[in-house]
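K.L.:
got a structure for you, letters missing:
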C-alpha cells in the first residue's frame, strides 16, 4: 500500500458528469450482457429457433401448403415471439439478479434517481431486439420468395414487434423489481409469456366467439397477430384494423407507467417490501 | 470524543460531521431501532457494536438513506435526512457481503462508480487509479474482479466507498471472512481513512479486540437501542463504575510452571483461588470470593509474586477490563 492516503481532489462530487446516470448504467449493462456472453447465448438460441421455424415453413411452402404471405407473417410472428422471450429473460433477471449477487446496494447509494437507474437497465434489456430483428431478415427474405408483401410486412413487423417488446420487457423488469429471486421473476415472466401465446394456439372458430373477441381486444400479442394476418395476408385496409392495436398500445403505456411512475421510485434493496410501503425508500433490513 | 447529539459542543473541538437525533425505525409492529442518538466528529472512527439482530445494519441503512427512519432525523455534514440525494454525495458505504461484477476490472469498477458520482470519465479513472494504489491493489488494476481474493474485494469495496471523497464512511462488517493478516491490514486502512482524509468512519464489526484497537468512539447496541456510547475508555470505565469492577484476572505462564504458579498464588493473602485454565493459563480470583471490588495493587502483587518465584509471565488479562467484557455484560440479556 502506498504511504499516504491523500484525499483525492479531482472534480467535486457534486459536479455533473457529461454523461447522465441512465447512459452510464445502460453502457455498463450492455457491456455485462455482451462481454458476459449472455446476449450471445440468447441470440444463438434465437437463431436456432428461427432456423427450425424457417425449415418447417420452407418445407410446407415447397408442398404449396402455406401461401407466401402467411409464411412471411408466420416468420415475423416467430421473430417477435422469440424476441419477446429474450427481452423478458434479460429484464426478469435485471434487478432480482443484482439482489442475489448483492450488487444492487451500491447502485442505490449513488446520487442518481431510481428512474435513471431503471431506464438504463430497461434500455439495455431492449437492446437485443434490434439485433434479433436484423438476424431474422435473411429468414424472412428467403421465405418470402420475392412476394410484394415483404416490404410492408417487414415494416409492420418491426414497428409492432417493438411495441410488444416495450411492454413485455417492461413487464419482466417490473417482476424483477418486485422479486428477490431470479428464479421467481423468470418463472413469473415466462408464465405471463406462455399465457400470452396461448390464444394463438386456440382453434380459429374461437376468434368468432365473444370470449375470442375479448381476448383479441385485451391480449397484446393476439392483437398484433390479428393485425398482421388481416393486414398482410387478407390485405384488408389498415383503417379497419386500428382497433386491433388498441390493446398493444394500451399495454405498452400501462407497463411503462407502472415501471417508471410507480415501481422505479419505490425500487429498494429488497423487492416486495419496497413495493408494499410507500414511506420507505427501499429495503427492510432484517439484521 | 463522541457526545450525545443533544449535548453542547466545545468551541475547540471540530463540529460533528454526523449527528443522529432520536432515530426510530419500525417494521410493522416490530421496533428495529429505538431512539438512536449519537454524533461523530471528523477524523474519528466510531465502532458500531452489537449482537446479531441488535439493529446495527438497520441503523447503517437508515443513516445511508437506503431506509427511511420512522421517526427522528440525522444530519451529515450539514445536510438533513430530508435530502437523501444530497446525503448520498457526502457518504461512502461498504455494505456487508457486497457483491462485485465478475467481468469488470478493478479500475473499470471504480471508474464506473466515479462517473455515477458525477465525475468525468478521465477524472474518475485517475481517481480510481489513486484509490487502487491507496488500498494496495495498483498491480491488479487491470485484472478482472472475478480473479480477486476475498480480501482484495473488500479493499476494492472500500476504494469504491471513497470515490466521491466522502465526509462519512460506513463500513458494515468489512473484516468478515478475512484471515488475521487481512483483518489487520484492512483495519489499518480504515484508521488511515479517518486520519488522513479527516473523514468520520462508522465501523460495524464483531471483532471486538480489533475495534478496541482502532476505534476512538464506540456505540454498543442491543435489541434496537444504544446501551453504551462514548470513547472506548469511557465505555469501559463507566461499565466498571456500574458494578462490573473486575475481581478476577488471567495469567499466562509456561505450561511447566502452571502447577507451581497456582500453588504460590493460592497461598497469597487476598486471593480466593488460583486455578489452571486452558493450557498455560491460570484464573485468579481476588478477595474472599464474595465478588467485592479489589484494588489495582492486588493485581500487581500477583505479578510480583510470580516474578519473585522466577516464573516467566507470558500474559496477563484483567477480567472486565476489555471492550469484549463490557460488550458481553451489556448484551447478556439477548445472548442469554
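P.N.:
Alright, I've got the coordinates. Keep in mind that what you see is a predicted model, and the values were worked out from it rather than measured.
K.L.:
Going by neighbour count, which residues in stretch B:147-167 are buried?
P.N.:
Residues of stretch B:147-167 classed as buried: B:148, B:151-167 (neighbour count, 16 or more other CB atoms under 10 Å in any protein chain shown). The C-beta positions use only the backbone N, C-alpha and C, and glycine is treated the same way.
K.L.:
now stretch B:34-41
P.N.:
By neighbour count on 16+ other CB under 10 Å, the buried set for stretch B:34-41 is B:34, B:36-41.
K.L.:
ok, so of those residues, who is nearest residue B:128?
P.N.:
Ranked by distance to residue B:128 (CB to CB), those are led by residue B:40 at 26.9 Å.
K.L.:
contacting residues around the closest one?
P.N.:
Neighbouring residues of residue B:40 by CB atoms under 8 Å, 6 or more residues apart in numbering or on different chains: B:2, B:16-19, B:46, B:168, B:200, B:202, B:217.
K.L.:
right, is stretch B:143-160 up against chain A?
P.N.:
Yes. Against chain A, stretch B:143-160 shows contacts by CB under 8 Å from any CB of the partner chain at residue B:160.
K.L.:
for the chain, longest helix please?
P.N.:
Here I'm looking at chain A. Ranked by residue count, the top helix of chain A under DSSP state H comes out as helix A:68-101.
K.L.:
try chain B instead
P.N.:
Among the segments of chain B that qualify as a helix by DSSP H, the longest is helix B:180-197.
K.L.:
Just the buried residues of whichever helix or strand comes after the longest helix of chain A, please?
P.N.:
Using DSSP states H and E, the helix or strand that follows helix A:68-101 in sequence is helix A:104-108. Judged by neighbour count using 16+ other CB under 10 Å, the buried positions of helix A:104-108 are A:104-108.
K.L.:
now do stretch B:317-332
P.N.:
Within stretch B:317-332, the residues scored as buried using 16+ other CB under 10 Å are B:317, B:319-323, B:325-327, B:329-331.
K.L.:
Between those, which sits nearest chain A?
P.N.:
residue B:331 (14.8 Å; CB to the nearest CB).
K.L.:
Can you list which of the buried residues of stretch B:317-332 are found in strands?
P.N.:
By the criterion of DSSP state E, membership of the buried residues of stretch B:317-332 in strands covers residue B:317.
K.L.:
per-residue pLDDT, the residue in the stretch 51-200 of chain A positioned nearest to chain B?
P.N.:
Nearest residue of the stretch 51-200 of chain A to chain B (CB to the nearest CB) works out as residue A:102 at 3.5 Å. Reading off the confidence values, residue A:102 has pLDDT 91.
K.L.:
hang on, it packs against residue B:101?
P.N.:
No. Contact criterion CB atoms under 8 Å: residue A:102 and residue B:101 do not qualify, at 11.2 Å.
K.L.:
who's more crowded, the two?
P.N.:
A count of neighbours by other CB atoms under 10 Å in any protein chain shown puts residue B:101 above the other of residue A:102 and residue B:101, at 20 against 15.
K.L.:
Surely that one touches residue A:103?
P.N.:
Yes. If you go by CB under 8 Å, residue B:101 and residue A:103 touch, sitting 6.5 Å apart.
K.L.:
and stretch A:31-42, does that touch chain B?
P.N.:
Yes. Using CB under 8 Å from any CB, stretch A:31-42 reaches chain B at A:31-32, A:35-36.
K.L.:
which other residues reach that stretch?
P.N.:
Contacts with stretch A:31-42, where a contact means CB under 8 Å, 6+ apart, come from A:86, A:89-90, A:124, A:127-128, A:131, B:101-104.
K.L.:
Buried residues, that stretch. List them.
P.N.:
Neighbour counts over stretch A:31-42 (16+ other CB under 10 Å) mark A:31-34, A:38-39, A:42 as buried.
K.L.:
Likewise for stretch A:181-200?
P.N.:
A:182, A:184-186, A:188-189, A:192-193, A:196-197, A:199.
K.L.:
I'd like to know how many residues surround residue A:258.
P.N.:
Applying other CB under 10 Å, we find 16 residues neighbouring residue A:258.
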